[in-house]
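K.L.:
how does the following fold in three dimensions:
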Amino acid sequence: MGLDSSIDSLGRILGPLIGGVFYGIHIASPFIGSAVICAFMFFVVWVNGRNAGGVWGIPEQRVYKQG
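P.N.:
Numbers count the residues shown, from 1 in each chain. Model prediction:
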């Protein structure tokens, strides 16, 4: 929980700062940048969601029959 809270705080500090810099470059660039980040994260989730183990790569449990 501590790491999650620190990353959240870092995003709340750096997000508006970086957005302001992009806004200074061009008025639409923060929105375009957000769209690019969302598309990239969608691609990452899509690629990781295709395997059977999920995002964490948990291996399947195998049941061995005696006989």
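K.L.:
the residue nearest the centre of the chain sits in which helix or strand?
P.N.:
Among the residues of the chain, Met41 comes closest to the average C-alpha position under CA atoms, centre = their mean, at 5.0 Å. Under the criterion of DSSP states H and E, Met41 resides in helix 29-49.
K.L.:
buried sites along that helix?
P.N.:
For helix 29-49, a neighbour-count test (16 or more other CB atoms under 10 Å) marks Pro30 as buried. In short, each C-beta sits where N, CA and C put it, glycine included.
K.L.:
that helix packs against which elements?
P.N.:
helix 2-25 (3 or more CB pairs under 8 Å, 6 or more residues apart in numbering; DSSP states H and E).
K.L.:
check contacts around Gly33.
P.N.:
Gly19, Phe22 (CB atoms under 8 Å, 6 or more residues apart in numbering).
K.L.:
before we move on, what about the one 3 residues further on?
P.N.:
For Val36, no contacting residues are found, by CB under 8 Å, 6+ apart.
K.L.:
where does this structure dip in pLDDT?
P.N.:
Low-confidence segments of the chain (pLDDT under 70): 49-65, 67.
K.L.:
quick one: Arg8 from Ile27, how far?
P.N.:
Check again: residue 8 is Asp, not Arg. Computed as CB to CB, to the nearest Å, the Asp8 to Ile27 distance reads 27 Å.
K.L.:
what does Leu17 give?
P.N.:
Counting by CB to CB, the gap from Leu17 to Ile27 is 17 Å.
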